[in-house]
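Visitor: heads up, no residue letters with this:
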């Protein structure tokens with residue numbers, strides 16, 4: 001009787017051991033499969049291909065600098081044409097004066113850029129700046145979508161400051177390039193314009209903060 005009982009216990013123990021062994025094998029296989037799937041799964045980075053360069057792509061900092069000058073040269077010329085319309089649509093006296101003064105500054109900016117090309121012994125050439133075109137289009141839309149008066153004035157300031165921020169970033173970058181390339185004439189001109197762009201941005205903020213935005217409520 002004891003022998004039979006022991007045999008049953010031994011059989012149960014053996015069965016339990018087999019269950020545990022099978023469970024362990026299952027876990028090991030599941031882990032391997034999960035690891036295999038994770039290793040073969042493509043990440044977003046692996047799906048991204050490098051952008052092929054154009055035939056006329058910049059090959060050095062000098063090329064990149066010159067290309068940047070062409071962009072901002074186009075941008076400043078386009079701004080000279082756009083500012084009078086902003087001036088005509090503005091009603092706040094301080095805003096109109098700020099736009100009028102900045103138009104004169106922008107005309108000087110164009111001349112400074114021409115001097116940069118001359119210093120580089122390159123022909124002054126404008127290359128369409130998609131960023132500035134987008135900003136100018138947005139400014140035009142803001143004027144079309146706002147009633148004349150304080151609301152439109154607030155919109156004009158918003159559009160103008162976006163333009164200023166783009167120009168500040170552009171002139172800052174080009175000045176850094178000019179410094180590395182030791183193009184001192186360009187550096188002097190770019191820094192002078194950068195300083196004026198920053199002053200204009202601060203003036204626009206002041207005009208907006210001193211009552212104009214509140215009046216637009």
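Guide: In hand now; what should we look at? Keep in mind that this is a model prediction, so the values were computed, not measured.
Visitor: now stretch 88-101: how far from the chain's centre is it?
Guide: 28 Å (Cα atoms, centre = their mean, to the nearest Å).
Visitor: Could I get the buried residue list for that stretch?
Guide: Neighbour counts using 16 or more other Cβ atoms under 10 Å place 89, 90, 92, 94, 95, 96, 98, 99 of stretch 88-101 among the buried residues. Every C-beta, even on glycine, is put in place using the N, C-alpha and C of the backbone.
Visitor: Now the third one: closest residue in space, sequence neighbours ignored.
Guide: Spelled out, that is residue 92. Among residues not flanking residue 92 along the chain, residue 153 sits closest, at 4.7 Å (Cβ to Cβ, 6 or more residues apart in numbering).
Visitor: can you put the buried residues of stretch 88-101 in a markdown table and add secondary structure?
Guide: Below are these laid out as a markdown table (DSSP: H, G, I helix; E, B strand; the rest coil):
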| residue | secondary structure |
| --- | --- |
| 89 | helix |
| 90 | coil |
| 92 | coil |
| 94 | helix |
| 95 | helix |
| 96 | helix |
| 98 | helix |
| 99 | helix |
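Visitor: Mind giving me the packing neighbours of the helix or strand encompassing residue 194?
Guide: Using DSSP states H and E, residue 194 falls within helix 184-207. Applying 3 or more Cβ pairs under 8 Å, 6 or more residues apart in numbering; DSSP states H and E, we find helix 184-207 packed against helix 93-119, helix 150-181.
Visitor: Single out the most deeply packed of those helices.
Guide: Of those, the one with the most neighbours on average (mean count of other Cβ atoms under 10 Å) is helix 150-181, at a mean of 19.
Visitor: Show me how far that one is from its chain's centre.
Guide: Mean C-alpha position of helix 150-181 versus that of the full chain (Cα atoms, centre = their mean) differs by 12 Å.
Visitor: Mind pulling up the pLDDT for the residue nearest to residue 201 when sequence neighbours are not counted?
Guide: The spatially closest residue to residue 201, leaving aside those adjacent along the chain, is residue 164, at 4.2 Å (Cβ to Cβ, 6+ apart). On pLDDT, residue 164 comes in at 98.
Visitor: Just give me the residue right at the centre of this structure.
Guide: Nearest to the geometric centre of the chain sits residue 166, at 9.0 Å (Cα atoms, centre = their mean).
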